[in-house]
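Participant: have a look at this prediction, sequence included:
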Amino acid sequence: MQVTFKIEYVTRWGESLALVLADKKYPMEWSEGGIWSVTVSDCSAAALKDYSYVVMYDGLIIRNEWTHHSSKSAKLIQDQWLDCPIPGCPFTRKHQAEYFDRPGFRGAGTAVPVFSLRTAKDFGIGEFHDLRPLVDWAASTGQCILQLLPVNDTTRKGGWQDSYPYSPVSTFALHPLYMHLQDLGIKEDAVFRKLQAELNALPELDYPRVFKAKMAYIRKAFEARGEKDMASAAYKRFVKENSYWLEEYAEFCAKRDRLEPAYYCWMQYHLDKQFCAEVDYARSKGVSLKGDLPIGVSADSAEAYWHPELFNLDSSTGAPPDYFSTDGQNWGFPTYNWEEMAKDDYAWWKARLRKMSRYFDAFRIDHILGFFRIWEIPTEYSGGLMGHFNPALPYSEKEIFAMHLPIDGLFHPDPRHPGMYQPLIAPASAGLPQDQQERFGALYNDFFYHRHDEFWRRNAEKKLPELLGATGMLACGEDLGMVPHCVPGVMDHERILSLKMRGMENEGEWKELSVCATSSHDMPTLRMQCDHDPEPWEIRNMLWEFLDSPSMLAIFPLQDWVALDKGLRRSDRDAERINEPADSHHHWRYRVHFDLESLKTAFDLNAEVEGLIKDSRRAI
């Protein structure tokens, strides 16, 4: 039906309002009295359940409402602008976990990958089911958040390559190996228990072996109960609600494995059911899950297969040389075709985030710098040194020659701008005459640290407000590496929490809107960072430095919390590390070395953790 929307709002010079309805922006017209209006000719009742207004300036969203509107069908809808009603709240968007919006809120939590969890009931790999004892432990010690690595499906052939959680074959589908077999009706007979015992006795994950064993049992369960499950109302509702991605994913997997598409829909139904049960339990205990949004999507993914126009398949994503790798990194993912994505107001991104928000109350934006610019590497190169920035403001031959500089050894072609050049990140400048070295050094410094500030700021501000307004998740940016000067200002404006990491270069103010951490999956753990294996009291002091900081959230790897207990932590501290970023063929195999159910009786550790959290005013 045709619906006219009206709202009163006093704008400043150059500002205008837009209605955001069904992921599309409708420019509004001003009339006397500061009344803005727009008529939508084909407005569905479903679209009226969730819409909002934004303030625009120079083509960018500069202000958003605190929360969204919902209305019954009517020819005329008159709204009022919704501002934050909480005095002292630092945010401009309402979060689905309401405690994030409390003025002065301080929280603490634990980071651990799902595949690393361990209980007696799992099957050689952590499962969603294993989150429950960790939630109980977090709640009992005053923690409010558990941070996970990506949980999306990475299945290709079931080998070690699939163990890499940042290379999904779908940004929507959950990983089948996180399924709890017993909930599918698999009987724990002698054969099951024998294989389960063998896999759980391993100190680390044997991904290929676990994949082969678990997928055989999952297939067996599908053949036994699939037809009955797929006839249920709950299954049909799941398929309908997820139709925007599920059918494409199922067909993609079916072609790969030469099986029926229904099998993959059925697996996703049960994975969603199991994960949602743990999510709901966690929320009932006052504990939120924090997800991880990978910057990349694989070239061999369902998305790239069905929607190649959304990606630049002639190049891959990476990072220039930094703390993690002196030679740069090539992650192997195609870069995004942002111009194509902008045509429907980033609908694919918004759908991706909404799917995440069913499970997560907060999310980590992996490599948030990629929303400003990405380090793009032509597919013919395996390393990261031959990359270039995209987008960028390259130089012409005329400009380079006017500076009396050679091109060879200092510059390489910008493939996105034929006839233009970018400086090499590792130039051969040492043999140049002194005056040329100085001129190139000034150009190099300007190009990599100053030239693009306004350009990249605007590039990020085209995207981030659109995406952040799609859900009520708390946004946390991983802003490490070669950080452009424009990044902190944009993150501050959008209220995205920054990251303070021990051992990294943390210049500038330690802000309240930040997450602090002692280490991460890409780094040595706290014990590994020391020149000796530190005593528990030394660990306590190092944890306290971060717990007592201004950061809104302090989230530590489980290994760093457990380091407080000399009897519980691993004897070999070098076995605590999860990933080596410089090794593109790394096997992700780390598993917790104890049954998580035993945390309930780890009285000394629990008293220590609870005391630290209370003393730092972070207890829920």
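Facilitator: That came through, no problem. Residues are numbered from 1 along each chain as shown.
Participant: which stretches in the stretch 1-150 of the chain count as strands?
Facilitator: Secondary structure of the stretch 1-150 of the chain (DSSP state E, counting those that start in this stretch): strands located at 3-8, 15-21, 24-27, 29-31, 35-40, 51-57, 60-64, 76-80, 107-111, 145-147.
Participant: pipe these into CSV and attach mean pLDDT per row.
Facilitator: Shown next, in CSV, are the strands of the stretch 1-150 of the chain (pLDDT from 0 to 100):
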stretch, mean pLDDT
strand 3-8, 98
strand 15-21, 97
strand 24-27, 96
strand 29-31, 97
strand 35-40, 98
strand 51-57, 98
strand 60-64, 97
strand 76-80, 97
strand 107-111, 98
strand 145-147, 98
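Participant: just put the ones you listed in CSV and tack on distance to Ala197.
Facilitator: All C-beta spots, glycine's among them, are computed from the backbone N, C-alpha and C. Conversion of the strands of the stretch 1-150 of the chain to CSV gives the following (distance: least, CB to CB, whole Å):
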stretch, distance to Ala197
strand 3-8, 62
strand 15-21, 54
strand 24-27, 55
strand 29-31, 70
strand 35-40, 61
strand 51-57, 54
strand 60-64, 53
strand 76-80, 61
strand 107-111, 27
strand 145-147, 28
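Participant: would you list the phi and psi of the most centrally placed residue in the chain?
Facilitator: By CA atoms, centre = their mean, the mean C-alpha position of the chain lies nearest to Leu293, the distance being 1.8 Å. Backbone geometry at Leu293, expressed as degrees, to the nearest 10, gives phi -100, psi 100.
Participant: who does it bridge with?
Facilitator: Ile365 (DSSP bridges).
Participant: now the closest residue to Ala221 other than its chain neighbours: how far from Glu251?
Facilitator: The spatially closest residue to Ala221, leaving aside those adjacent along the chain, is Leu184, at 3.8 Å (CB to CB, 6 or more residues apart in numbering). The span separating Leu184 from Glu251 equals 23 Å under the rule CB to CB, to the nearest Å.
Participant: the two: who's more crowded?
Facilitator: Ranked by neighbour count (other CB atoms under 10 Å), Leu184 and Glu251 place Leu184 first, with 20 against 16.
Participant: enumerate every residue touching that one.
Facilitator: By CB atoms under 8 Å, 6 or more residues apart in numbering, the residues touching Leu184 are 217-218, 221, 225, 270.
Participant: separation between it and Asp229?
Facilitator: Distance, Leu184 to Asp229, by CB to CB: 9 Å.
Participant: now swap in Pro133 and tell me
Facilitator: 28 Å.
Participant: quick check: neighbours shared by Leu184 and Asp229?
Facilitator: Common contacts of Leu184 and Asp229, defined by CB under 8 Å, 6+ apart, comprise His270.
Participant: what ranges in this structure fall below the confidence cut-off?
Facilitator: Segments of the chain classed as low confidence (criterion: pLDDT under 70) are 322-325, 504-508.
Participant: ok, the closest residue to His175 other than its chain neighbours - contacts?
Facilitator: Leaving out its chain neighbours, the residue that sits closest to His175 by CB to CB, 6+ apart is Asp153, at 5.0 Å. The neighbourhood of Asp153, defined by CB under 8 Å, 6+ apart, consists of 168-170, 173-176, 249.
Participant: who's in contact with His587?
Facilitator: 160, 163, 207.
Participant: right, I mislabeled it, should have said Asp414
Facilitator: Contacts for Asp414 were tallied using CB under 8 Å, 6+ apart; they are 388, 392, 394, 420-422.
Participant: now stretch 174-188: buried residues?
Facilitator: Within stretch 174-188, the residues that qualify as buried by neighbour count (16 or more other CB atoms under 10 Å) are 174-182, 184, 186.
Participant: then stretch 335-342?
Facilitator: Taking 16+ other CB under 10 Å as the basis for neighbour counts, the residues of stretch 335-342 that come out buried are 335-338, 341.
Participant: before we move on, back to that, how about the buried residues of stretch 174-188 in TSV, adding secondary structure and distance to Phe447?
Facilitator: Below are those laid out as TSV (DSSP: H, G, I helix; E, B strand; the rest coil; distance: CB to CB, whole Å):
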residue	secondary structure	distance to Phe447
Leu174	strand	42
His175	coil	40
Pro176	helix	45
Leu177	helix	44
Tyr178	helix	44
Met179	coil	49
His180	coil	52
Leu181	helix	54
Gln182	helix	57
Leu184	helix	56
Ile186	coil	58
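Participant: between those residues, which sits nearest Ala299?
Facilitator: The shortest approach to Ala299 among the buried residues of stretch 174-188 belongs to His175, at 19.0 Å (CB to CB).
Participant: top of the contacts of Asp414 by number of neighbours, please.
Facilitator: In terms of neighbour count, His388 stands highest of the contacts of Asp414 at 25 neighbours, by other CB under 10 Å.
Participant: Pro85 - how many residues pack around it?
Facilitator: Neighbours of Pro85 under the rule other CB under 10 Å: 10.
Participant: how about the nearest residue to it, chain neighbours excluded?
Facilitator: Trp66 (7.2 Å).
Participant: how many neighbouring residues does the one you found have?
Facilitator: Other residues close to Trp66 by other CB under 10 Å number 17.
Participant: surely it meets Lys94?
Facilitator: Yes. Counting by CB atoms under 8 Å, Trp66 sits close enough to Lys94 to count as a contact (5.3 Å).
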